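# Sequence plus predicted model, see below.
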Amino acid sequence: MSPLKERAAVAIIGGGVIGLAVARALALRGVGEVLLLERNSLGAESSSAAAGMLAPQAEANRPHEFFYLTCRSRDMYPAFAAALLEETGIDIELETTGTLYLAFTAHDVEELERRYTWQKNSGLPIEMLKPEAARIHEPSICDEVRAALRFPMDTQIENRRLISALAASNKRLGVRLETGTDVTSLKVERGRVAGIETSRGFIAAERVVIAGGAWSSLLGAADIALPNLRIKPVRGQMLCFEANPQIVRHVIYSPRGHIVPRRDGRLLAGSTTEHAGFEKRVTAAGLQAILSAALEISPRIASLTMTDSWAGLRPRAADTLPVLGPCAEIEGVFYATGHYRNGILLAPVTGEVIARAIVDRVFPPELNIFSPDRFGMVTVN
Ligand SMILES: Cc1cc2nc3c(=O)[nH]c(=O)nc-3n(C[C@H](O)[C@H](O)[C@H](O)COP(=O)(O)OP(=O)(O)OC[C@H]3O[C@@H](n4cnc5c(N)ncnc54)[C@H](O)[C@@H]3O)c2cc1C
């Protein structure tokens, strides 16, 4: 392995979708000497495991700063996808058919009605469909469906292609992407970051971005207090079927699961929400839960071939919100983590917000709710 450069203007810890999006946004703003460090391969963790849904409305129960942030990022995707295609030739397969949310029980119908009412009253694009209308959109859905919501603006992308496109874009922009490199600790001197210790030696850096996904709270250094994020891994399992020809066009949710059609004939089904530490594995109980939710959505799945299954670890902060922005206590340290269920969706806006905070030293007050300073400080070692 070649020796690492000994210094960087900005060192980014973590090569998932978030670290890559931040690196690209910095390079696009003219920052030179951006170095991204990934202990594994790019996108190897949660970012490859995801379903790629960009569905803020389908999942939102109330208007909130987090909801506005997710909508803002979703709405950045058409330009983001077009720019990546132009820069790299890689199509991230932004599908704009929309998202359906199905109700099968009286309780499900109540949930849909609540969501419809607040979103309609807020002027958001949303349609309430009777079962017959839902079946016109998607003839393969189950006969038992009682009602459906359609979210025309909620879309999806192919997240593994997104990783490839971001990696190619970063290389083209001159960002150094170092895989197989573990960052072991931060070095802080007189209240400002001086650099990072890695498995390949020390790197001096004026700015450090922590984008380590579910591992973000494990980074520290003796006697250095860092924000007490308490980021925990939340396991999600996924199944993959072969559906050639494809059996649905929309991303389809029920309160118990979702299915996601891909252009190449794969049909993904997810997911579980499990507190199982760092055990990234597929279990019999996980498969059973996902299968039962998928078959409830469309019994036609019963005859499809199951081709793959996998698990990933979502990074969840103590209050479930993302952690974004500068650390007030340590000059030069920035956080871009805790994206939990929405890191693919939030990648474009995270890149923008962090790049602005670093380059222009501007962090919008309406985003203070996501600041790492909300947690207080703790010494890790
Ligand atoms: C099953 C499943 C389905 C999902 N579906 C969706 C979806 O449909 N839409 C959506 O928006 N989101 C979804 N998510 C969530 C999304 O995947 C995550 O929020 C997102 O990938 C987080 O990106 P990240 O870059 O922060 O983390 P990761 O992708 O986990 O990347 C963090 C990287 O940091 C590296 N790292 C950590 N510590 C160090 C260190 N000390 N030194 C070097 N490298 C380090 C890790 O190796 C890792 O590669 C899903 C997640 C799962 C598991």
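Done, it's in. Residues are numbered from 1 along each chain as shown.

# contacting residues for Glu95?
Residues in contact with Glu95 (CB atoms under 8 Å, 6 or more residues apart in numbering) are Thr155, Gln156, Ile157, Val251, Pro261, Arg263. C-beta here means a position set from N, CA and C on the backbone, and glycine is covered the same way.

# try it again with 7 Å
Neighbouring residues of Glu95 by CB atoms under 7 Å, 6 or more residues apart in numbering: Thr155, Gln156.

# Strands along the stretch 251-381 of the chain, start to end?
Here the stretch 251-381 of the chain has its strands, by DSSP state E, counting those that start in this stretch, at 251-254, 257-261, 266-270, 305-316, 323-326, 333-337, 377-379.

# residues near Arg230, how many?
13 (other CB atoms under 10 Å).

# re the thing from before, return the most buried member of the strands of the stretch 251-381 of the chain.
strand 333-337 (a mean of 27; mean count of other CB atoms under 10 Å).

# Indicate each strand paired with it and its parallel or antiparallel sense.
strand 201-210 (parallel), strand 323-326 (antiparallel) (DSSP bridges).

# Let me see the residues that make contact with the longest one.
This means strand 201-210. Strand 201-210 is contacted from outside by 4, 6-13, 22, 35, 186, 193-196, 216, 219, 332-337, 354, 358, using CB under 7 Å, 6+ apart.

# Name the next helix or strand following that strand along the chain.
Toward the C-terminal end, the helix or strand that comes next after strand 201-210 (DSSP states H and E) is strand 225-227.

# Show me what counts as buried in that following strand.
Going by neighbour count (16 or more other CB atoms under 10 Å), the buried part of strand 225-227 is Leu226, Pro227.

# got it, and stretch 74-86?
In stretch 74-86, counting by 16+ other CB under 10 Å, buried: Arg74, Met76, Tyr77, Phe80, Ala81, Leu84.

# For those residues, name the two members farthest from one another.
Arg74 and Leu84 (15.7 Å; CB to CB).

# what does the stretch 1-150 of the chain have sitting close to the ligand?
For the stretch 1-150 of the chain, the residues in contact with the ligand (CB under 6 Å from any ligand atom) are 13-19, 37-40, 44-47, 49-53.

# what do you get if the cut-off is 5 Å, keeping everything else the same?
14, 16-18, 38-40, 45-47, 49-51, 53 (CB under 5 Å from any ligand atom).

# Filter the residues you listed down to just the ones in strands.
Met53 (DSSP state E).

# re earlier: let me know which of the strands paired with strand 333-337 is tucked in deepest.
Across the strands paired with strand 333-337, averaging neighbours per residue (mean count of other CB under 10 Å) puts strand 323-326 on top, at a mean of 24.

# Closest to the centroid, which residue in this structure?
Gly343 (1.5 Å; CA atoms, centre = their mean).

# Is it correct that that one is in contact with Gly43?
No - using CB atoms under 7 Å, Gly343 makes no contact with Gly43, being 11.0 Å away.

# Next, show the common contact partners of the two.
In contact with both Gly343 and Gly43: Val17, using CB under 7 Å, 6+ apart.
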